[in-house]
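Peer 1: Got a sequence here, can you model it:
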Amino acid sequence: MSVPLAWALLLLAGLLDVAWAGAMKLNEGFTRPGWSLVSLLLLAALVAALGQAVRVLPVGTAYAVWTGVGAIGTAALGLVAFGEPANPARLLCLGLVAAGVIGLRLTEG
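Peer 2: Predicted coordinates:
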C-alpha cells in the first residue's frame, strides 16, 4: 500500500469515528436497535481502516491524527447537530488540536 493511500484510509477512519460517535448519541445507550447496529458497523469499519493505515504509517502518528480528526469532527458534529455550546475557549482548544494534527502530518517522515 502506498503512503498516500494509507493517509486516505486514516482520514476515512477519522470520519468514520465521527459518524460512529453520532450513532452512539442516537442509539441512546443501545436502547434503539437500528442505531445500535449502525454504531457497531461503523466501529468495525473505522477499526478496519485504521488497521490498514498503521501497516504503513507510524502507529504513534496515525493514532494521534485519527483521534484528532475524530475529536475535532465529533465536536463539530455536536455543535451543528446536537446544539452543544461553541464558546471561544472551546473553539480555541479545537484549533490547538487541529494545529497538532496538521503538525504531525507535515512532520511525518
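Peer 1: Please make it C-alpha for all contacts and neighbour counts, starting now.
Peer 2: Will do.
Peer 1: low pLDDT regions in this structure?
Peer 2: Scanning the chain for pLDDT under 70 picks out the ranges 108-109.
Peer 1: roughly how far out does the helix or strand containing Leu11 sit from the chain middle?
Peer 2: Assigned by DSSP states H and E, Leu11 falls within helix 3-27. Here the centre of helix 3-27 is set off from its chain's centre by 5 Å, with Cα atoms, centre = their mean, to the nearest Å.
Peer 1: Quick check on the residue lying farthest from the centre of the chain: phi, psi?
Peer 2: Going by Cα atoms, centre = their mean, the residue of the chain most distant from its centre is Thr31, 23.7 Å out. With angles defined as degrees, to the nearest 10, Thr31 sits at phi -100, psi -10.
Peer 1: Skipping its backbone neighbours, what lies nearest Leu104 in space?
Peer 2: Thr61 (6.4 Å; Cα to Cα, 6 or more residues apart in numbering).
Peer 1: now the residue farthest from the centre of the chain: how far from Lys25?
Peer 2: 11 Å (Cα to Cα, to the nearest Å).
Peer 1: returning to that earlier point: ok, how many other residues are close to the residue nearest to Leu104?
Peer 2: Neighbourhood size, Thr61 [other Cα atoms under 10 Å]: 15.
Peer 1: Now do the helices in the chain.
Peer 2: 3-27, 33-53, 59-81, 88-107 (DSSP state H).
Peer 1: hmm, back to that, point out the other helices and strands that the helix holding Leu11 packs with.
Peer 2: Packed against helix 3-27 by the contact rule (3 or more Cα pairs under 8 Å, 6 or more residues apart in numbering; DSSP states H and E) you find helix 33-53, helix 59-81.
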